[in-house]
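# after the sequence you'll find the predicted model.
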Amino acid sequence: MASAIAANAAFPRTTARLGSAGSAWLFRLSLGAVLCTYLVIVAGVTVRVTGSGLGCPDWPTCHGRLLPPPETTAVIEFTHRASASLASAFILAVAAGAAFWTRERRVLIPALAIPVLLALQIVLGAFVVWLELPPLAVFIHLSFAMLILGGLVWIAANTAPGTWAGLRLGARRLVPLLTVTTSTVFLLVLTGAFTYASRASWACAGFPGCDVPEQALQALAGDGAGRLVTIHLLHRSVAYLTSLLVLGSVLYAWRQGGPICIAGAALLGAVAVQVTIGALAVSTGLPTFLRGAHVAGAAAVWGCAVLLLALAARPVTTAPAVQRVAS
């Protein structure tokens, strides 16, 4: 009887240790998944701006081989696929860890939904290759990548150590504003992807105005220059609105101090860099490097926006959202 009582007394301490270990591992896995997914997006942008999308014309092999031939486009495309495989492994590990270590819906639901998005993303990636990069498929492909990145950032923020939680009750008052801001950031990403996919990136030169030279009008005439200019200006309009919302959100976040303030500063910095890259790109003829940097910057802005929202929405507690064993 005494031994049974002692075992029961020790059980909470044991489960607490297991829960803490699970929290640490799930945070590390989700953080690794965030970094790998961001690298996949950057690698995908490199594939796109260098015209390497068909460097490996078949899938999952490359020119019928497991390893790519010594050609630049094939190596670039194969690198994208390899980084995607690494990110996939991390994502599946996050899903397994969440299923084992937590019952918190704010972590478990996205952790189990992301592998579904990943499966769709893999199939879509194959279609992008097989159908030779149709614009709509490229647009959806990037959109899914951003959703996966955002979901992983959300999980990482909700499993981070307690010191990174939104410990001040006032932070939760930011959630409605941050929800609107984050949604607008995603809309900005979508309009940017559609602008590129529809070849409207070239429709306006200069910033903040839209200068359409005569030669550009002639080049775009076959695709409907007016429609392309409208698409381009729509993207810019959403960018202006997003900048205002981000500025307002960051001003409120700044008053909270701590992690909320740091995440807000990161978001504001990412937006400032992104606007600068976009302005330089359209003013200098859309050079390859700046086109790639613009998409990489969009992913950074999106990730920072989700991070700020997740920290503000996280319940006020010093315990991370991994409590399955203890519960």
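Sure, I can see it.

# for the helix or strand containing residue 275, what is the average pLDDT?
Using DSSP states H and E, residue 275 sits within helix 258-283. Throughout helix 258-283, pLDDT has a mean value of 92.

# so what's the gap between that helix and the chain middle?
Distance of helix 258-283 from its chain centroid, counting by C-alpha atoms, centre = their mean, to the nearest Å, is 15 Å.

# next: stretch 116-126.
The answer for stretch 116-126 is 15 Å, by C-alpha atoms, centre = their mean.

# which helix or strand in the chain has the lowest average pLDDT?
Between all helices and strands in the chain, the lowest mean by mean pLDDT, DSSP states H and E belongs to helix 214-220, at a mean of 54.

# next, the buried residues of the helix or strand just after that helix.
Sequence-wise, the next helix or strand downstream of helix 214-220 (DSSP H and E) is helix 225-254. Neighbour counts over helix 225-254 (16 or more other C-beta atoms under 10 Å) mark 225, 228-229, 231-232, 235-236, 238-239, 242-243, 245-246, 249-250, 252-253 as buried. To be clear about C-beta, it is placed using only N, CA and C from the backbone, and glycine gets the same treatment.

# pull out the buried positions in stretch 259-278.
Within stretch 259-278, judged by 16+ other C-beta under 10 Å, the buried ones are 259-261, 263-264, 266-268, 270-271, 274-275, 277-278.

# ok, so of these, who is nearest residue 75?
Distance to residue 75, by C-beta to C-beta, is smallest for residue 277 among the buried residues of stretch 259-278, at 25.9 Å.

# show me what contacts that closest one?
Taking C-beta atoms under 8 Å, 6 or more residues apart in numbering, we find residue 277 in contact with 290, 293-294, 297.

# can you list the residues you listed in TSV and add secondary structure and distance to residue 91?
Formatted as TSV, the contacts of residue 277 follow (DSSP: H, G, I helix; E, B strand; the rest coil; distance: C-beta to C-beta, whole Å):
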residue	secondary structure	distance to residue 91
290	helix	30
293	helix	25
294	helix	25
297	helix	23
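
# what's the closest of those residues to residue 65?
Nearest member of those to residue 65, counting by C-beta to C-beta, is residue 293, at 31.8 Å.

# doesn't residue 50 make contact with residue 291?
No. The pair residue 291 and residue 50 fails to qualify as a contact (C-beta atoms under 8 Å) at a distance of 10.0 Å.

# if I look at the residue nearest to residue 281 when sequence neighbours are not counted, how far off is residue 262?
Take residue 281 and drop its neighbours on the chain: the residue closest to it by C-beta to C-beta, 6 or more residues apart in numbering is residue 290, 4.0 Å away. Distance, residue 290 to residue 262, by C-beta to C-beta, to the nearest Å: 28 Å.

# can you give me the neighbour number for residue 197?
21 (other C-beta atoms under 10 Å).

# that one and residue 262, how far apart?
Distance, residue 197 to residue 262, by C-beta to C-beta: 34 Å.

# in terms of helices and strands, where is the most centrally placed residue in the chain?
Nearest to the mean C-alpha position of the chain, by C-alpha atoms, centre = their mean, lies residue 149 at 3.2 Å. Under DSSP H and E, the secondary-structure element containing residue 149 is helix 135-159.

# can you spell out which helices and strands pack onto that helix?
Here helix 135-159 touches helix 2-49, helix 72-101, helix 105-130, helix 175-197, helix 288-313, going by 3 or more C-beta pairs under 8 Å, 6 or more residues apart in numbering; DSSP states H and E.

# looking at the ones you listed, which is buried most?
helix 288-313 (a mean of 23; mean count of other C-beta atoms under 10 Å).

# that one vs helix 258-283, what angle?
Inter-element angle recorded for helix 288-313 and helix 258-283: 160 degrees (by axes from the mean of the first three to the mean of the last three C-alpha atoms, to 10 degrees).

# next, the angle from helix 288-313 to helix 135-159.
Going by the same axes, to 10 degrees, helix 288-313 makes 40 degrees with helix 135-159.

# so what secondary structure elements neighbour helix 288-313?
On a contact count with 3+ C-beta pairs under 8 Å, 6+ apart, helix 288-313 meets helix 2-49, helix 135-159, helix 175-197, helix 225-254, helix 258-283.

# now render those helices as a markdown table, adding distance to residue 304.
As requested, the helices and strands packed on helix 288-313 are arranged in a markdown table below (distance: least, C-beta to C-beta, whole Å):
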| stretch | distance to residue 304 |
| --- | --- |
| helix 2-49 | 11 |
| helix 135-159 | 8 |
| helix 175-197 | 9 |
| helix 225-254 | 9 |
| helix 258-283 | 4 |
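
# and those helices, which one is worst for confidence?
helix 2-49 (a mean of 70).

# circling back to that earlier point, okay, angle between the helix holding residue 275 and helix 175-197 too, please.
Using the same axes, to 10 degrees: helix 258-283 against helix 175-197 is 20 degrees.
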